[in-house]
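Colleague: Next come a sequence and a model predicted from it.
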Amino acid sequence: MAAQYRVERRKAGRFERTSMEDPICPIDAKFAGQVSALLTPPPLHQEYYEVLVSERKCSRLRVKPESEHGKGVFSEVDFQEGDLVLKDQMLAGAQHSSNKIDCLVCSFCFRFIGSIELQIGRKLYLEELGIRAVDECGPSNDEGSCSSPSHKTRLPQDTIQSLMNGNLLLPYSEKFPLPSVVSCLGGCLESHYCSQSCAEADWDLFHSLLCDGKGSSSPNTKALEKFTKHANETNDIFILAAKVISSTILRYRKLKVAQGEEKGKNDASCLNNNDISSFLLEAWKPVSMGFKRRWWECVALPEDVDSSSPVEDYFLFIDDLPLSQKKEAEKITKSFLDALGDDYSISCEGTAFFPLQSCMNHSCIPNAKAFKREEDKDGQATVIAQRPIRKGEEITISYIDEDLPYKERQESLADYGFTCKCPKCIEEES
């Protein structure tokens, strides 16, 4: 990509590039060289991937050069259908803004937290706030200026509050324990965690620069508040981008400090521009290594694969009870299920970047797929063999719905910057 990089904007479901003559901001012009270096596709660093595979205990896989796509993931052993191929911890991830109403999850590992009562009560409380906001719009507003009010059963506020506060316990909810809620280290109200270790890890890797609480390391929390509000109202992918940038800055700072200490200094003032540039490139490496012609949104699961929701599991458990116990339990639970309506089973949804899964190439007849098993409760990417995979065979997944007609598949894949030449596409093309 040229030093004077081009802006991409979303239009009609596709990315459209602006012309090179479009004006860019002064900051972009000043740092065009550094930006170009960061966005240039890096060479395949075999050592980097070998370390990554080792750290993630994925010894049965290997990332290596692949003639058509640059790199791919290959099997080092034989896999049988249904075998676990990969569990990949995300490099960075963010829960969708709209989904935060439905699910309270750890802001680092995305595991459900709190309790069944808190999950249900919080969702009903936030939905009630939305309904009241709609009611306050009044009939005089133009159609579409406010959302349609919900037709779900509405519960008394004191009942919802009792559920949220733990004063009202649901029958059999103790069979679905969730980790307690741990607050953000910086004191913000946006982030919550399943454990102190997750809170500390998120602070260390991302959140210290993105927190708008009193303990934030950000020099301008007011600007952060405006940015977060804008992202939530427009496109929450900006939140994920901010986390990637934050992690790069924090990693870069650690490299500078470590180098300064190695040279016997308490600061990095002795470092020259070449040192600084090399540290920045090293800090950016985990992101750049996932390069596939453009940043594509590496979602944890395809649209047709749902992860488990403890609230859904709870109501299914109640429904499966012996009839006498079911009737007794439903004296309490039925009103809450009616209040939730069809949305009771919504799972955690978001966007994430996975360093190893992002290296897997596409095929319309993939030998592996993203799949959430019963035991997969967090936000890690889980890839399962769809058929037997031989040692040395490339492991492929589908970026799209592979059951679409040939033309629609190719149109969908155009956003990823390539034309699929898998055996299925070659056969259907002719």
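Modeller: Cool, the structure landed. Note that this is a predicted model, so its numbers are computed, not measured.
Colleague: which helix in this protein runs the most residues?
Modeller: Determined from DSSP state H, the single longest helix within the chain is helix 237-262.
Colleague: as a whole number, average confidence for the helix or strand following that one?
Modeller: As assigned by DSSP states H and E, the chain's next helix or strand after helix 237-262 is helix 273-288. What helix 273-288 shows for mean pLDDT is 76.
Colleague: before we move on, what about stretch 339-353?
Modeller: Mean predicted confidence for stretch 339-353 is 88.
Colleague: ditto for stretch 387-400
Modeller: 94.
Colleague: ok so, going back, got the buried residues for the longest helix of the chain?
Modeller: 239-248, 250-252, 255-256, 259-260 (16 or more other Cβ atoms under 10 Å). Where C-beta positions appear, they are placed from N, C-alpha and C, glycine not excepted.
Colleague: Stretch 214-231 now?
Modeller: Applying 16+ other Cβ under 10 Å to stretch 214-231 flags 216, 218, 221, 224, 227-228, 231 as buried.
Colleague: Mind listing residues that contact that stretch?
Modeller: Residues from elsewhere that reach stretch 214-231 (Cβ atoms under 8 Å, 6 or more residues apart in numbering): 97, 185-188, 190, 208-213, 237-239, 242.
Colleague: and residue 328, how many neighbours?
Modeller: The number of residues packed around residue 328, counting by other Cβ atoms under 10 Å, is 13.
Colleague: ok, now residue 323?
Modeller: Counted by other Cβ under 10 Å, the residues lying close to residue 323 total 7.
Colleague: host element of the residue in the chain sticking out farthest from the centre?
Modeller: Distance from the centre of the chain peaks at residue 324, with 42.1 Å (Cα atoms, centre = their mean). Assigned by DSSP H and E, residue 324 falls within helix 323-340.
Colleague: next SSE after that helix?
Modeller: strand 350-353.
Colleague: buried stuff in that following strand?
Modeller: In strand 350-353, the ones that count as buried by 16+ other Cβ under 10 Å are 350-353.
Colleague: For it, name the packing helices and strands.
Modeller: Counting contacts by 3 or more Cβ pairs under 8 Å, 6 or more residues apart in numbering; DSSP states H and E, strand 350-353 packs against strand 92-95, helix 237-262.
Colleague: Would you single out the least confident of these?
Modeller: Minimum mean pLDDT among the helices and strands packed on strand 350-353: helix 237-262, a mean of 87.
Colleague: Tell me where the model's unsure across the protein.
Modeller: Within the chain, the ranges that satisfy pLDDT under 70 run 1-45, 66-68, 131-151, 260-276, 290-307, 374-376.
Colleague: quick one, strands of it?
Modeller: Ranges of strands in the chain, per DSSP state E, are 8-11, 14-17, 61-66, 70-75, 84-88, 92-95, 182-183, 192-193, 350-353, 361-362, 368-370, 381-385, 394-397.
Colleague: Include distance to residue 426 when you put those strands into TSV, please.
Modeller: TSV is the format used below for the strands of the chain (distance: least, Cβ to Cβ, whole Å):
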stretch	distance to residue 426
strand 8-11	30
strand 14-17	24
strand 61-66	17
strand 70-75	18
strand 84-88	25
strand 92-95	35
strand 182-183	52
strand 192-193	48
strand 350-353	31
strand 361-362	14
strand 368-370	21
strand 381-385	23
strand 394-397	15
